[in-house]
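Asker: Starting from these lines, generate the structure:
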Amino acid sequence: MIQEIKQSINLIDYIGQYIKLEKRSHHHQGICPFHSDSDPSLTVWENGTWKCFGCGVGGDIFDFYALFHNTSLKKAFEHFCGKQETIESAFSTTDNIIRFLKKKEEELQVYKRLPKLEKFVDKCYQNKHSSLRQWNKEVIKTFKLGFCVDPTDELYGRITIPIWNENNILVGVAGGWVKKNEKNKYINKTGMTKRGVLYALNYSLSCIRKKREMIIVEGYKDVWKMWEAGVKNVVGIMGNMASNRQLDLIMKYGQFNLILGLDNDESGERGTKKIIKELNRFCNIRTIKLPDGIKDLGECNLDMIHRILRNGETV
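Answerer: Numbers count the residues shown, from 1 in each chain. Sure thing, here's the model as predicted:
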């Protein structure tokens, strides 16, 4: 039923009711209604899909309806399908409906937060706090690191760390402590889900493909230090234990050659063992050993990083 609806409605005509579309060779373009767009960045294809190359939102007719009318995906299905029974007939079981809607709703919520989140990131990026001076200009600019000065915001007084997914869509912002005596080293802005994201994958993917190898570390600072050392085929799992979704991304983009550089402690060792257990059948895996007294790659100097990477051990 879902597929039948997509095929029965011309998406170009449908979206054309809401925004002006201009025909190109194999698609139509228009001003995106979901962010401040001056140069037409929303593209609609004849195959029933659409995407904005400015803010990153996209999908099918259901996604457009839900976003444009600021409603849920379930309401979008009901609008086009009619009765609830018709929706259920489109899936084999009720569980399938729940799983499908949950996944799509999570994506939808990310899209709905995008404009406000992007403004927050841009505003914080303008604040050049002294705590950022430990990182070079390339790292600050590439990862758009900033500082929150808004006392009403939950990240007030913290370094702001924007997090993009593999499709270059901003999915959240983390706040890092400035003083080590603060309660939490990192806190996340409300609504952020990072367990399905590899930090920096959007920036490192081209280098990973070129080198045919992915380096996996734990934290943000580990990634930044690697970049300062000129090592850019690196991603962070933002914790010590990779989630199932992160393992899927590693399998998909890691070129089947992995270097594990998790922290030099018990939790890091457990996280390393999990990745090896889950992926050793499919990937060539090397682990790196940090010198005694060094907790993570973020504490290493640049020469040490290159030496450690050369001496990695094959699992």
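
Asker: Lowest-scoring secondary structure element of the protein by mean pLDDT?
Answerer: None of the helices or strands of the chain scores lower by mean pLDDT, DSSP states H and E than helix 84-89, at a mean of 44.

Asker: Residue 124 reaches residue 148, doesn't it?
Answerer: Yes. Residue 124 lies in contact with residue 148 (Cβ atoms under 8 Å); the separation is 5.3 Å. No exception for glycine: its C-beta is placed from N, CA and C like everyone else's.

Asker: Common neighbours of those two, please.
Answerer: Contact with both residue 124 and residue 148 is made by residues 155, 160, according to Cβ atoms under 8 Å, 6 or more residues apart in numbering.

Asker: Compare these two and say which is more crowded by neighbours.
Answerer: Between residue 124 and residue 148, residue 124 has the larger neighbour count (other Cβ atoms under 10 Å), namely 25 against 21.

Asker: how about that one, what does it touch?
Answerer: Residue 124 touches 146, 147, 148, 149, 155, 160, 173, counting by Cβ under 8 Å, 6+ apart.

Asker: quick one: the helices in this structure?
Answerer: In the chain, the segments counted as helices under DSSP state H are 2-8, 11-16, 61-68, 73-81, 84-89, 94-125, 137-142, 201-211, 220-228, 244-253, 266-279, 302-310.

Asker: what residues go with each domain of this structure?
Answerer: 2-90, 118-188, 201-314 (automatic domain parsing).

Asker: Kindly report which one of the ones you listed carries the lowest mean pLDDT.
Answerer: Note on the domains of the chain: lowest mean pLDDT is at domain 2-90, with a mean of 81.

Asker: In the stretch 151-300 of the chain, what residue spans correspond to strands?
Answerer: Using DSSP state E, counting those that start in this stretch, the strands of the stretch 151-300 of the chain run over 159-164, 170-176, 186-188, 214-217, 234-236, 257-261, 284-287.

Asker: just how off-centre is the third one within its chain?
Answerer: Relative to its parent chain, strand 186-188 has a centroid offset of 16 Å by Cα atoms, centre = their mean, to the nearest Å.

Asker: Which other helices and strands does that strand contact?
Answerer: strand 170-176 (3 or more Cβ pairs under 8 Å, 6 or more residues apart in numbering; DSSP states H and E).

Asker: How about the contacts made by the closest residue to residue 308 other than its chain neighbours?
Answerer: In space, and not counting its chain neighbours, residue 308 is closest to residue 288: 5.0 Å by Cβ to Cβ, 6 or more residues apart in numbering. The neighbours of residue 288, taking Cβ under 8 Å, 6+ apart as the test, are 259, 260, 261, 308, 309, 311, 312, 313.

Asker: And the residues you listed, which of them are buried?
Answerer: 259, 260, 261, 308, 309, 312 (16 or more other Cβ atoms under 10 Å).
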